[in-house]
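Peer 1: generate a structure from the sequence data that follows.
(chains A and B)
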Amino acid sequence: MSEMNEFDEDAPEIVKRFMYVNRRAPYGTIYALECLEVVLIAAAFDQDVSVVFLDDGVCQLKKNQDTTGIGMKNFSKTFGALDDYDVEKIYVEKESLAARGLTADDLVIPVEVLAADELREVMAQQDVVISS
Amino acid sequence: MLHIINKSPFERNTLDSCLRLAMPGSAILLIEDGVYAVLAKAAHADKIIGRMDDFSFYVLGPDIAARGLGDVPMIEGIDVVDYEGFVDMVAEHDATQSWL
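Peer 2: Okay, here's the model as predicted:
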């Protein structure tokens, strides 16, 4: 019975391509922190996960964040855990960095910087895209 | 009048509207995501640099530090204030306009 396949441990595992698109700055709204938590949870499900930072989303990865003055959790340190969760496809849009006068050296983790016409190709290959 | 901007200039047109409608001589204070407007090497930096004679610009230091912007060039002539300075500014101006 085909409807039983999802419970059949011998059935071939279906791995989907999930992309999480971050477009918001940290701290001003809750979107950035929420998306990071969703990515870390999703990483436990052995799917093909990639994380994209573009527009103000690139600001989430800025080095040297110190939130003691605003009384909020500095979650930029948590991006370093993505590698531990085997989330290795981390893309940053080149144009978004340039518009803010930033470079990959300003970021808290190593990333793959892609121009919009390259990022477009990666986006088009996804099964599921979750944006925040 | 004290104008307060708390939205990123990359995502919202709040700063543009404020610069268009604020009376010359006003003070403009950048807080929260509004602090991204101070980036000297950003594409939009000229928006503020071109209005330095019209307005006095201020930015909230704790929001700069939180976003890691202390180590990148800031537009010259913007004064950094702390929370006490923020309170003083509100007290010193007869009215405050928050551009939400």
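Peer 1: remind me, longest helix of chain B?
Peer 2: If you go by DSSP state H, chain B has its longest helix at helix B:83-92.
Peer 1: how about the CA coordinates for the following helix or strand past that one, as PDB?
Peer 2: For helix B:83-92, the following helix or strand on the C-terminal side (DSSP states H and E) is strand B:96-99. What follows is strand B:96-99, C-alpha atoms only, in PDB (Å, rounded to 0.1, in the frame of the first residue of the first chain):
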ATOM      1  CA  THR B  96       9.400  64.800  19.200                       C
ATOM      2  CA  GLN B  97       8.400  63.100  16.100                       C
ATOM      3  CA  SER B  98       8.900  59.300  15.800                       C
ATOM      4  CA  TRP B  99       8.900  58.100  12.200                       C
END
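Peer 1: how about the secondary structure of the residue nearest to B:H3 when sequence neighbours are not counted?
Peer 2: Nearest residue to B:H3, sequence neighbours excluded (Cβ to Cβ, 6 or more residues apart in numbering or on different chains): B:I28, at 4.7 Å. Where you see a C-beta, it was placed from the backbone N, CA and C, and this is true even at glycine. Three-state call for B:I28 (DSSP: H, G, I helix; E, B strand; the rest coil): strand.
Peer 1: can you show me the strands along the chain?
Peer 2: Chain wasn't specified; assuming chain A. A:17-22, A:48-53, A:89-93, A:112-114, A:128-131 (DSSP state E).
Peer 1: actually it's chain B I care about, not the one you picked
Peer 2: B:2-5, B:27-30, B:56-60, B:79-81, B:96-99.
Peer 1: just give me the residue closest to the centre of chain B.
Peer 2: Nearest to the geometric centre of chain B sits B:L30, at 2.8 Å (Cα atoms, centre = their mean).
Peer 1: for that one, what are its contacts?
Peer 2: Applying Cβ atoms under 8 Å, 6 or more residues apart in numbering or on different chains, we find B:L30 in contact with B:I5, B:A37, B:V38, B:F57, B:Y58, B:V59, B:L60, B:D63, B:I78.
Peer 1: cutoff 10 Å now
Peer 2: Shown in contact with B:L30 (Cβ atoms under 10 Å, 6 or more residues apart in numbering or on different chains): B:3-7, B:9, B:15, B:36-38, B:48, B:57-60, B:63-64, B:78.
Peer 1: if we can go back for a sec, my guess is the residue nearest to B:H3 meets B:P9, correct?
Peer 2: No - using Cβ atoms under 10 Å, B:I28 is not in contact with B:P9, being 11.8 Å away.
Peer 1: what's the overlap in contacts for these two?
Peer 2: B:L15, B:L19, B:G34, B:A37, B:I48.
Peer 1: count of neighbours near the fourth one?
Peer 2: Close neighbours of B:A37, defined as other Cβ atoms under 10 Å in any protein chain shown, add up to 25.
Peer 1: so it touches B:R51, yeah?
Peer 2: No - shown here, B:A37 and B:R51 do not form a contact pair, counting by Cβ under 10 Å, at 11.3 Å.
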